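In: attaching a predicted model along with its sequence, questions to come.
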Amino acid sequence: MDVALLTIGDELLSGDTANSNATWLADRLTDRGATVARVLVIPDDRSLIARKVAEYSDAFDAVIVTGGLGGTPDDRTMDAVADAFDRPLSVDERARESVAKRVAALRESYREIAIDIDAEASVPEGSRALLNEPGLAPGCLIENVYVLPGIPEEMKAMYESVAEAFGGDVRSRMFYTETPEADLIPDLTITEERFDVSVGCYPDRSAGHNRLKLVGESDDELDAAAEWLRARVETIPEPDS
């Protein structure tokens, strides 16, 4: 399963906010055997978001969009996703009930808070609203596009509600070595030539070791490649994080 991640927000491009959502999602999707085939950061530009959502929906098995939900002027993602599928926004009753309860709770502390409940609860017509239990604005599922909030706590909770939809056959093996990266190149090259796996080498210079990762779709092939490589490279136990 090839998945594309679209993370939305001017603040990501300016460096004001770290793109932790993409890293977290990529890790979770990889653990489920999916392949993260693209990660793209784009600004709060309605037409650009719509164009990329439509493009990626056609190109990949699934698309996860994060950020830009809510009622502030720069929250344009839900409108853009509706544009991508040429559908109007409409109020989802389940989402409206959830938003109304959340607003009522907020008004206990902030009596003057002004929130357009119908606007917050609007999703593209025909989509499935994804309720935002820890937050306010819902996400949605429309065809193969999953729209999630940008606030990490909310994004993680909503992802977990749909995580079972993601999977695949990609597996991996990981080990560590203190052998210098340059000395590993011949054996890593031969590993890719002899076995149906891809090989990654990720140096951690401050810790003084390299992390080696073998990725493939066959457990037997991965085990054979790992055994072959371990016989040629001195490995060390996984370091404490």
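Out: Cool, got the structure.
In: so which residues of this structure form strands?
Out: In the chain, the strands defined using DSSP state E lie at 2-8, 35-42, 62-66, 89-91, 122-124, 128-130, 139-142, 145-148, 171-177, 198-204, 209-216, 235-236.
In: who does the fifth one touch, helix- and strand-wise?
Out: Using 3 or more CB pairs under 8 Å, 6 or more residues apart in numbering; DSSP states H and E as the contact criterion, the secondary-structure elements in contact with strand 122-124 are helix 77-84, strand 89-91, strand 139-142. C-beta: built from backbone N, CA, C; applies to glycine.
In: residue contacts, residue 6?
Out: By CB atoms under 8 Å, 6 or more residues apart in numbering, the contact set of residue 6 is 40, 42, 49, 52, 53, 56, 63, 64, 65, 66.
In: can you redo these as a markdown table with pLDDT, neighbour count and distance to residue 72?
Out: Below are these laid out as a markdown table (pLDDT from 0 to 100; neighbours: other CB atoms under 10 Å; distance: CB to CB, whole Å):
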| residue | pLDDT | neighbour count | distance to residue 72 |
| --- | --- | --- | --- |
| 40 | 98 | 14 | 22 |
| 42 | 97 | 21 | 18 |
| 49 | 98 | 25 | 15 |
| 52 | 98 | 21 | 21 |
| 53 | 98 | 26 | 20 |
| 56 | 98 | 23 | 25 |
| 63 | 98 | 28 | 23 |
| 64 | 99 | 28 | 22 |
| 65 | 98 | 28 | 17 |
| 66 | 98 | 29 | 16 |
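In: possible to save the strands of the chain as TSV with distance to residue 165?
Out: Formatted as TSV, those follow (distance: least, CB to CB, whole Å):
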stretch	distance to residue 165
strand 2-8	10
strand 35-42	15
strand 62-66	7
strand 89-91	23
strand 122-124	17
strand 128-130	11
strand 139-142	8
strand 145-148	8
strand 171-177	19
strand 198-204	25
strand 209-216	22
strand 235-236	36
